[in-house]
Every structure is written in C-alpha cells, then in structure tokens.
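Asks: quick one, fold the following:
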Amino acid sequence: MTLVLEDRDTGTQVILEPDLPEDGYRALLGADLTSYAGAKVRYDRGHGRWVGSDDWEPVGSHRPKVSQVLTDTVNSSSSASDKEEGIFISYRRQDDAGFAGRIADRLMTSFGIQRVFIDVDSIELGLDFSSVIADYLGKCRAMVVVIGRRWLDVADADGRRRLANPDDYVRLEVERALARNIRVVPVLVDGAVMPRRDDLPTSMEPLARRNGIEMSHAGFSADVERLIGALKRVVDA
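Replies: Numbers count the residues shown, from 1 in each chain. Here you go, the predicted model:
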C-alpha cells in the first residue's frame, strides 16, 4: 500500500511507495521541502533523488513548468518551533535499520516530516559530524534509541566493539542526548534486552536507567502507538 505523508506547514505531500529503497528514505529525511508548498513529490529511482511528481496538485499557486528537484541537505528553513520540538531517532544500521525505518515512517505521519531527524548520512561532506549531531540534538526534545539484538556488539573492521570508540556516531548521539537531559526512550526490537550499566561506556551508563518499550513485528501497530502517545506528551507540551 502506498503511503502519503503531508507536511502540516508546507502542505507538501510525499508519496512513499511500498518498495521504496533505503536510499530514498535517507535522501528524504534531509530534504528541504519548503519550496514545494502544495506539491506532491516522489522518489526518482533512476537518478536517486526526490522530484516534483508529474501528477502533483498545486494548492493556491501556479504549476511550475518543470519538475523541481529536492536537495539532500539538511533543511535550514523550517520554523524554529519545529526544530525545537523535534524527535531524533538513533539506530545502528548493522543492527536493525528496518525497524528504525518503520518507526520513522509512523513518527513522520504523526508529527510531520520536518520534526523527525534520522541518519547521519544526510550530513554534507566535509562537515564535522560531531558538531552536526550536536546541532540536531540541540533542536530536539526527545530521542528514540532503537536497540536490536546486535546493538551492543557490532564491531568495526578491526573487530573492535563500535561503542568502545569515543567517535562512534551512535555513542555520540546518545551521550549528547543524555547530557542535555532530554527524554530518551530506548526501543527494544526483535527480542533485544535492555543493556546493563556494565555493558556501556561510562558516559552512556544513564541509558540503562531510562524506561524503555519493547516492539515486535506482530505487535508493531499497538507498540508504536504507545510510543507516539508518550512522545506527544513531551514534544507537544
């Protein structure tokens, strides 16, 4: 089934096809939608980019003569309130990216595309990803940490546990969220268990005390609605 997400501020409708590739989601999550008010956009698989759809229906404006292309840079034009009330999704691709994508879809439907931040792949080349992550998190009121069964033990090319690396992006994300004392919600997927303090770097130990939620494929709809309800009490307060 094709899902259509509409941004509440711009009126832009994003067409999510059921077999949309992961690259499409990554390109979308950093896209600037502000110049597509009232338009429909779709993912052009041949060129690996989001474009204005041929069948879009402008609202209160003329139809552009040519398709416009969405950029893959971080949106710098969203309203301040959107940025300050955002939700950051932290996950490890080698662990359970599929679940993270499903959660992101539902959160974007409930809160709007511009208020959900996910994936460091949207960071432009040459930028300090630690600083960019800090900037993103500085605009969020909540973080969702997606934890699968391999989250603790994923290793780098040298066989070292990634969480042991101070520059690991997941570690940086969680550390900064905990330091800001925003709402951090562990989401345990695919039978994962909550990490123990002894399993985490010292800077991440407070994560073990955060109350989390378990999610399964079978109970996904009910589980994610419970998560959305909890997040609404934080970001819409």
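Asks: got the domain ranges for this structure?
Replies: 1-73, 80-235 (automatic domain parsing).
Asks: turn those into CSV, columns for mean pLDDT and mean neighbour count.
Replies: In short, each C-beta sits where N, CA and C put it, glycine included. Below are the domains of the chain laid out as CSV (pLDDT from 0 to 100; neighbours: other CB atoms under 10 Å):
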stretch, mean pLDDT, mean neighbour count
domain 1-73, 59, 15
domain 80-235, 88, 17
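Asks: centre-most residue in this protein?
Replies: With distances taken as CA atoms, centre = their mean, I118 lies nearest the centre of the chain, 2.5 Å away.
Asks: now the residue nearest to that one when sequence neighbours are not counted: phi and psi?
Replies: Among residues not flanking I118 along the chain, I89 sits closest, at 4.2 Å (CB to CB, 6 or more residues apart in numbering). Here is the backbone geometry of I89 (degrees, to the nearest 10): phi -100, psi 120.
Asks: pretty sure I89 contacts I147?
Replies: No - applying CB atoms under 8 Å as the test, I89 and I147 come out as separate, 11.9 Å apart.
Asks: grab the nearest non-local neighbour of M215.
Replies: Sequence neighbours aside, D223 is the residue nearest to M215 in space, at 4.3 Å (criterion: CB to CB, 6+ apart).
Asks: can I assume the one you found is in contact with I213?
Replies: Yes - at 6.5 Å, D223 counts as touching I213 under the criterion of CB under 8 Å.
Asks: residues in contact with L28?
Replies: 14, 43, 50, 70, 113 (CB atoms under 8 Å, 6 or more residues apart in numbering).
Asks: give me the element the second one is part of.
Replies: Looking back up the chat, that one is Y43. Y43 is part of strand 40-44 when elements are defined by DSSP states H and E.
Asks: now do the first one
Replies: Element membership of V14 [criterion: DSSP H and E] is strand 13-16.
Asks: helices and strands around that strand, which ones?
Replies: strand 3-6, strand 40-44 (3 or more CB pairs under 8 Å, 6 or more residues apart in numbering; DSSP states H and E).
Asks: rerun at 10 Å
Replies: strand 3-6, helix 22-29, strand 40-44, helix 93-111 (3 or more CB pairs under 10 Å, 6 or more residues apart in numbering; DSSP states H and E).
Asks: check contacts around I87.
Replies: Contacts for I87 (CB atoms under 10 Å, 6 or more residues apart in numbering) come out as 103-104, 107-108, 110-111, 115-118, 140-144, 182-183, 185, 227-228, 231, 234-235.
Asks: same check, this time on A164
Replies: 155-156, 171, 201.
Asks: again, only using 6 Å
Replies: If you count contacts by CB atoms under 6 Å, 6 or more residues apart in numbering, A164 has none.
Asks: state the phi and psi torsions of it.
Replies: Note on A164: backbone dihedrals following degrees, to the nearest 10 are phi -80, psi -10.
Asks: now do the helix or strand the residue nearest to M215 falls within and helix 93-111, the angle between them.
Replies: Take DSSP H and E as the rule and D223 turns out to sit in helix 220-235. Per axes from the mean of the first three to the mean of the last three CA atoms, to 10 degrees, the angle that helix 220-235 makes with helix 93-111 is 70 degrees.
Asks: can I get helix 220-235 in CSV? Just the C-alpha atoms.
Replies: Taking Å, rounded to 0.1, in the frame of the first residue of the first chain, the C-alpha atoms of helix 220-235 are listed here in CSV:
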residue,chain,number,x,y,z
PHE,A,220,4.1,-3.2,16.0
SER,A,221,0.9,-1.1,15.5
ALA,A,222,-0.1,-1.1,19.1
ASP,A,223,3.5,-0.7,20.3
VAL,A,224,4.3,2.3,18.1
GLU,A,225,1.0,4.0,19.1
ARG,A,226,2.1,3.7,22.7
LEU,A,227,5.4,5.3,21.8
ILE,A,228,3.7,8.1,19.8
GLY,A,229,1.5,8.8,22.8
ALA,A,230,4.4,9.2,25.1
LEU,A,231,6.3,11.4,22.7
LYS,A,232,3.3,13.7,22.2
ARG,A,233,3.3,14.4,25.9
VAL,A,234,6.9,15.6,25.5
VAL,A,235,7.2,17.4,22.2
